[in-house]
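K.L.:
mind folding the following:
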Amino acid sequence: MLFLWTREKMSVRALFLFGGDKVIELTKNEETLFGMLLKIPPGVYEIRSFLKSARLSSEQVSRVATKFAYECFYDTVESVYEGERGAQYFFCDVGLDERRHSAYLPKVTELLLEFGLDPNLVFDGENIMMLMMCVVNEYAAADTLALLLENGGNLDTEVDGLTVFDEIDCAVTLDAIEQRNRNVYDSLVHCWLVCLGYGARLKNKETPVDVFYEHNSDEVFDLRKLKKHRNYTFGLSHTPSRGSAWSLHIFDKQTMWEVARL
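P.N.:
Purely as a prediction, here's the structure:
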């Protein structure tokens, strides 16, 4: 089976690279761990005990983590897109849906990082950091991406010739005007904010945004503050910027002061 979406329904990566029945093959011990992760909620004590006894390698842990992230992508498809009829054109802050695997993605990732998860490994054309752009459940994806980058993740990691940041930045740009579901775009942009916070650069090594002065200060906004992405929000306007007819404005939630602009 092959999943097909227009760009309006899914990010660029999902449109071109996700196919149904994609399988990341697991060994017996890896399957056992994967099964534990699929419990809602996953049993952290049980998982930790298994990892201590099974002594999986970094590659094995990373493979299971990537497959779990892919499972979180599937629950995005089932929960968000199949239920979006009639409500897809406006933003509704629905909060974290704890009935879905993706709600536990940050907690699972934090645990697996303790046991050797390598954010930069690629399995069957998939990388866990890049998968975050297609997971939608409040800010679970952005929180997880921040964890991965804090623990050795490299935004220049390549999958099929494109870097993690290339994909996320491209999706933010292309989906800005044609977005159908603001929750989907909101999740994507917060992943992008995290990338900026961890030093993301364009291929020409330039920062992809214009940075402004802090509120009531002569200090220029430090993009590293975007690591705490939940402190910031954004809006779109028809203000021309960088050759486009629109702009994406990043605001400090506390002051509603514009700190940067795409």
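K.L.:
and the helix ranked longest in the chain, what does it pack against?
P.N.:
Ranked by residue count and defined by DSSP state H, the top helix of the chain is helix 58-76. Helices and strands touching helix 58-76, as assessed by 3 or more Cβ pairs under 8 Å, 6 or more residues apart in numbering; DSSP states H and E, comprise helix 28-37, helix 105-114, strand 122-123, strand 126-127, helix 128-131. To be clear about C-beta, it is placed using only N, CA and C from the backbone, and glycine gets the same treatment.
K.L.:
was I right about residue 242 contacting residue 262?
P.N.:
Yes. With contact defined as Cβ atoms under 8 Å, residue 242 and residue 262 form a contacting pair (7.3 Å).
K.L.:
residues near residue 46, how many?
P.N.:
Counted with other Cβ atoms under 10 Å, residues neighbouring residue 46 total 11.
K.L.:
separation between the closest residue to it other than its chain neighbours and residue 106?
P.N.:
Closest residue to residue 46 in three dimensions, ignoring its sequence neighbours and counting by Cβ to Cβ, 6 or more residues apart in numbering: residue 36, at 6.1 Å. Counting by Cβ to Cβ, to the nearest Å, the gap from residue 36 to residue 106 is 17 Å.
K.L.:
equivalent analysis for residue 35, please.
P.N.:
Separation of residue 35 from residue 106 (Cβ to Cβ): 20 Å.
K.L.:
how about the helices in the stretch 51-200 of the chain?
P.N.:
58-76, 105-114, 128-131, 140-150, 164-178, 182-197 (DSSP state H, counting those that start in this stretch).
K.L.:
what's the burial count for residue 119?
P.N.:
By the criterion of other Cβ under 10 Å, residue 119 has 24 neighbours.
K.L.:
distance of it relative to residue 184?
P.N.:
Residue 119 sits 23 Å away from residue 184 when distances are taken as Cβ to Cβ.
K.L.:
buried sites along stretch 148-163?
P.N.:
The neighbour-count criterion (16 or more other Cβ atoms under 10 Å) identifies 148, 149, 153, 155, 157, 159, 162, 163 as the buried residues of stretch 148-163.
K.L.:
so how far is the first residue of it from its last?
P.N.:
The first and final residues of stretch 148-163 sit 15 Å from each other (Cα to Cα, to the nearest Å).
K.L.:
list the contacts of it.
P.N.:
By Cβ atoms under 8 Å, 6 or more residues apart in numbering, the surrounding residues in contact with stretch 148-163 are 17, 109, 113, 117-120, 122, 125-130, 132, 145, 164-165, 167, 194-195, 198-200, 227.
K.L.:
of the residues you listed, keep whichever come out buried.
P.N.:
Judged by neighbour count, with buriedness set by 16+ other Cβ under 10 Å, the buried members of the contacts of stretch 148-163 are 17, 109, 113, 117-120, 126-130, 132, 145, 164-165, 167, 194-195, 198, 200, 227.
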